[in-house]
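> generate coordinates for the sequence data below:
(chains A, B, C and D)
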Number of protein chains: 2
Amino acid sequence: MSKVPSTRPSGSRVRKRVTIDDLASYLCLTKGTVSRALNDYPDIAERTRRRVRKAAETLGYQPMAHAQAIRTGRVRALGLVLEVGEHDGSRPFLAEFLAGVSQRAATEGWTLTLTTAANTADTLRQMKSLREENKADGFILPRTRITDARINFLHREDVPFVIYGRTQDPSGCAWYDVAGEDAMRDAVRALYKLGHRRIGFVRGGTGLNYSILRHDGYLAGLAECGLTPDPSLVAEAAVNRADGAAQTMTLLRTAQPPTAVVFAVDRAALGAYVAAQSLGLQIGRDLSVISYDGIPEGALMQPPLTTFSVDSRHAGSRLADLLIRRIRGEEPTELREISSAQFLDRSSHGTPALTSQQIAAKVRANHILMGGTK
Amino acid sequence: MSKVPSTRPSGSRVRKRVTIDDLASYLCLTKGTVSRALNDYPDIAERTRRRVRKAAETLGYQPMAHAQAIRTGRVRALGLVLEVGEHDGSRPFLAEFLAGVSQRAATEGWTLTLTTAANTADTLRQMKSLREENKADGFILPRTRITDARINFLHREDVPFVIYGRTQDPSGCAWYDVAGEDAMRDAVRALYKLGHRRIGFVRGGTGLNYSILRHDGYLAGLAECGLTPDPSLVAEAAVNRADGAAQTMTLLRTAQPPTAVVFAVDRAALGAYVAAQSLGLQIGRDLSVISYDGIPEGALMQPPLTTFSVDSRHAGSRLADLLIRRIRGEEPTELREISSAQFLDRSSHGTPALTSQQIAAKVRANHILMGGTK
DNA sequence: TCTCTTGCCGAAACCGGTTTCGGAGGTTTC
DNA sequence: GAAACCTCCGAAACCGGTTTCGGCAAGAGA
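Predicted coordinates:
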């Protein structure tokens, strides 16, 4: 078996990086001193430190992350493990989110190492191996669950991380989140002001923490408006169009159907259009809908979907910043940010044209027409 | 300024990795010998090599990529730079694609380093810096353009890469692609068999190479069926629903409108439903549509969209494999794969219920009805 | 039997950084 | 004025690998 060809830079100009040795001899210092100067060791004169900094700047010196890593165990890389199921792969905001993370990371000289996993156990395995191989210094955890195995794991392993979202037991966690609960509360209030009194809610993904929060926000909204919560107005989880349509149907088939429905998730809200059409109801007039996420399809619906939009790019950017600071040693309690979603006041909600009873009648009529069996 | 806290593994069990020194002393060899044995140097006895391999296995030794990198310049990391525009961020297959890449990479012990860029110049800058910092050994180039600046750049810099798609000047390129041209040709043939004689085409993204290929495929289909190409049957680029609707309208407003339209891109084909509805035409009966990509929304349309589906996960997986082999020194000409898209025979196409003239009449009637000005 | 290869491994330099240790020179203290 | 103490930098070890070089022992050729 012969030696692997060494792929030498094939004769072309060899573009030597400036190494710490170059910098040291340029400054007439030893590389140890240069290293300490750049890393803010206290035993370096302020004057020297400045001189080194300046020289590094002019020579364009940038330490090679991997050479540092072999001693420090840090590569200046953020880790992100995406759970990608068999075929739920279509995430509307993934590219935006990644753009936020990678751009913020880049400005600090960090990069993003990404892997995917099939399930939670796989995720833990991936994180462990990324950490052991020093391919990532810490992790961003998207889609936080109510109780999240990743958090326990990373705590045990003493690996820095930040979560996108919140969680039941927040101790020791740094996070960024968008206040979905406030959005849901505002949605209820807006509908109440327009005259709606029976306001339904369709939950988001089961087990995911945002789902709890948004439901809480819905309840808070009811409370503020003096409305009594009614279990028959709250539908099960729906995170796609088909389920959204089904859950809307369920709500509308009750004895006292809602005149407005708040959705935890845009993709589910798209299903309301399907359901409404099949019942001969017009969204925004006969049935009001307010949702959450701000997916682009919402703007293309007839009528355009009223929703709260989340800036995924900004989220990614903030999370990258928080994680870098966490890795550098800042306390998790100092690294918690909540921002708010932006209300997109479009046309899928309005003053109720029909009462709950009139809607019920329409649904019954349609039911008979269709010859459905419930 | 005081010393940064060194974040020592805080007392917990220190899970020492096995290093090459551990392995060497275990085997009573020097680390140099162990290294050469594992890297298939010819001056190591076969017997020794096997012994070392076995010991590495049992001790669970895995060389630390970064330590290797400082000498070899290779980190076992694939690079991917995504161009994410201001707000076109929603890519339906991104997660699937990433899953394919990262899973394949993982099985070889490689990882994926991802960054995003705002434009081409930015992409080149990112690649350059990733390469200089040794954060990626080579690159996967998605969305290949007809003439692609990235390819020239990487050639000049002598950095390994593979392209997802093909390009005008393929010299020195390794690639994986799905034969979109075959799909388009088959679409035309299928429509011809059903009786369609005026078959339109809506192009894909301008400047992108797949666009040329799919248009060629459309023309090839016409030729095989003995149909004469008619420029008025070919619409401009459309890559989203709105443009797709507009281009469909344009085609239908001609003197001899098509009875069937082939779309280069699913998202554009969704616009055909909008256009058809506004004209009172029913997709699959009055107007046949066949498209390409296999986005999930297609299945939810009424009627479900006939299309060719692309396995993005498989594409990612193959590209990772090809790139790793390219980095290891295999010749680009040996690393070229083309697979075919899978036909999803759904209900948006069928035998033409209306003739071209009948469609034209309907369009005119609707036009007058709407009081449009063209 | 002596030289010349050849096969195979140890020793040591090297890669680009970080970190520890020690000591020269100037200041402070008594 | 000597001892004690800082301040600040050089020297060298170290991290976990790779690669070069040289030399020993066994086999081949003369």
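
> so which residues of the stretch 1-150 of chain A form strands?
A:77-83, A:111-117, A:138-141 (DSSP state E, counting those that start in this stretch).

> should've said the stretch 251-374 of chain A
When secondary structure is read from DSSP E, counting those that start in this stretch, the stretch 251-374 of chain A shows strands at A:260-263, A:288-293, A:306-309, A:336-339, A:342-344.

> and the fourth one, which residues are buried?
Pointing back at strand A:336-339 there. Along strand A:336-339, these residues count as buried under the neighbour rule (16 or more other Cβ atoms under 10 Å in any protein chain shown): residue A:336. Yep, even glycine has a C-beta here, placed from its N, CA and C like the rest.

> tally of neighbours for residue A:367?
Number of residues near residue A:367 (other Cβ atoms under 10 Å in any protein chain shown) recorded here: 14.

> try residue A:313
Around residue A:313 there are 23 other residues, counting by other Cβ under 10 Å.

> pLDDT weak spots in the stretch 51-200 of chain A?
A:86-90 (pLDDT under 70).

> all helices of it, in order?
A:65-72, A:94-107, A:120-132, A:149-157, A:180-193 (DSSP state H, counting those that start in this stretch).

> let's have these in TSV, adding distance to DNA strand C and mean neighbour count.
Output for these, formatted as TSV (distance: least, Cβ to the nearest atom of the strand, whole Å; neighbours: other Cβ atoms under 10 Å in any protein chain shown):
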stretch	distance to DNA strand C	mean neighbour count
helix A:65-72	4	18
helix A:94-107	18	24
helix A:120-132	18	18
helix A:149-157	20	16
helix A:180-193	41	23
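
> which one of the ones you listed lies closest to DNA strand D?
In terms of Cβ to the nearest atom of the strand, the element of those nearest to DNA strand D is helix A:65-72, at 4.0 Å.

> that closest one: how far from the chain's middle?
Relative to the centre of its chain, helix A:65-72 is centred 30 Å away, using Cα atoms, centre = their mean, to the nearest Å.

> can you tell if that helix touches DNA strand D?
Yes - shown here: helix A:65-72 in contact with DNA strand D (Cβ under 7 Å from any atom of the strand) through A:70, A:71.

> hang on, the earlier thing: right, and the strands of the stretch 251-374 of chain A - which one's nearest residue A:58?
strand A:336-339 (36.6 Å; Cβ to Cβ).

> ok, and what's touching that closest one?
Outside strand A:336-339, the residues that touch it by Cβ atoms under 8 Å, 6 or more residues apart in numbering or on different chains are A:173, A:174, A:175, A:176, A:177, A:178, A:179, A:311, A:314, A:318, A:322.

> and it, which strands flank it?
In its sheet, strand A:336-339 lies beside strand A:174-178 (parallel), with partners assigned from DSSP bridges.

> quick one: the strand it pairs with to strand A:288-293, angle?
With axes from the mean of the first three to the mean of the last three Cα atoms, to 10 degrees defining the directions, strand A:174-178 sits at 150 degrees from strand A:288-293.

> what residues does strand A:174-178 touch?
Strand A:174-178 has contacts (Cβ under 8 Å, 6+ apart) with A:144, A:161-167, A:310-311, A:315, A:318-319, A:322-323, A:326, A:332, A:334-341.

> buried members of the residues you listed into PyMOL, please.
Buried residues within those, by 16+ other Cβ under 10 Å, are selected in PyMOL with:
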select buried, chain A and resi 144+161+162+163+164+165+166+167+310+311+315+318+319+322+323+326+332+335+336+341
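
> before we move on, the earlier item: so which two of the contacts of strand A:336-339 are the farthest from each other?
Most distant of the contacts of strand A:336-339, by Cβ to Cβ, are A:173 and A:311, 21.7 Å apart.

> dihedrals phi and psi, the closest residue to chain B within the stretch 201-350 of chain A?
Residue nearest to chain B within the stretch 201-350 of chain A: residue A:329 (5.0 Å; Cβ to the nearest Cβ). Main-chain dihedrals, residue A:329, degrees, to the nearest 10: phi 120, psi 0.

> what number of residues lie near it?
Residue A:329, neighbours per other Cβ under 10 Å, totals 11.

> then residue A:308?
Using other Cβ under 10 Å, residue A:308 has 24 other residues around it.

> for residue A:254, see how far away the residue nearest to residue A:272 when sequence neighbours are not counted is.
Nearest-residue entry for residue A:272: residue A:248, 4.6 Å, with adjacent residues in sequence omitted and distances by Cβ to Cβ, 6 or more residues apart in numbering or on different chains. Between residue A:248 and residue A:254 the computed distance is 11 Å (Cβ to Cβ, to the nearest Å).

> who has more neighbours, these two?
Neighbours were counted for residue A:248 and for residue A:254 using other Cβ under 10 Å; residue A:248 has more, 31 against 17.

> coming back round to it: would you turn the helices of the stretch 51-200 of chain A into TSV with distance to residue B:234?
Listed next are the helices of the stretch 51-200 of chain A as TSV, based on distance: least, Cβ to Cβ, whole Å:
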stretch	distance to residue B:234
helix A:65-72	50
helix A:94-107	30
helix A:120-132	46
helix A:149-157	51
helix A:180-193	45
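
> chain neighbours aside, what residue packs nearest to residue A:130?
Counting by Cβ to Cβ, 6+ apart, residue A:136 is the residue found nearest to residue A:130 once chain neighbours are left out, at 4.4 Å.

> could you report the separation of that neighbour from DNA strand D?
17 Å (Cβ to the nearest atom of the strand, to the nearest Å).

> tell me, how many neighbours does that residue end up with?
Other residues near residue A:136 number 29, with proximity taken as other Cβ under 10 Å.

> so how far is residue A:77 from it?
In this view, residue A:136 and residue A:77 are 5 Å apart by Cβ to Cβ.

> residues that sit against both of the two, list them.
Contact criterion Cβ under 8 Å, 6+ apart; residues bridging residue A:136 and residue A:77 by contacting each: residue A:113.

> which residues are in contact with residue A:181?
When contacts are counted by Cβ under 8 Å, 6+ apart, residue A:181 touches A:213, A:214, A:216, A:217, A:220.

> measure residue A:246 to residue B:130 for me?
Per Cβ to Cβ, residue A:246 is found 46 Å from residue B:130.

> again, but for residue A:359
For residue A:359, the distance to residue B:130 equals 57 Å [Cβ to Cβ].

> likewise for residue A:97?
Remark: distance between residue A:97 and residue B:130 (Cβ to Cβ) = 20 Å.

> and if you look at residue A:66?
For residue A:66, the distance to residue B:130 (Cβ to Cβ) stands at 12 Å.

> please apply the same query to residue A:57.
Relative to residue B:130, and taking Cβ to Cβ, residue A:57 is found at 21 Å.

> residue A:332 too?
Separation of residue A:332 from residue B:130 (Cβ to Cβ) stands at 30 Å.

> for residue A:175, same thing?
Computed as Cβ to Cβ, the residue A:175 to residue B:130 distance reads 29 Å.

> same deal with residue A:227?
Residue A:227 is 55 Å from residue B:130, by Cβ to Cβ.

> what does residue A:157 give?
For residue A:157, the distance to residue B:130 (Cβ to Cβ) stands at 28 Å.

> give me every residue in the stretch 151-300 of chain A lying close to DNA strand C.
Residues of the stretch 151-300 of chain A that fall close to DNA strand C, judged by Cβ under 7 Å from any atom of the strand: none.

> for DNA strand C, what is the nearest residue in the stretch 151-300 of chain A?
For the stretch 151-300 of chain A, Cβ to the nearest atom of the strand, closest residue to DNA strand C: residue A:160, 16.3 Å.

> got phi/psi on that residue?
Phi and psi for residue A:160, reported as degrees, to the nearest 10, are phi -70, psi 150.
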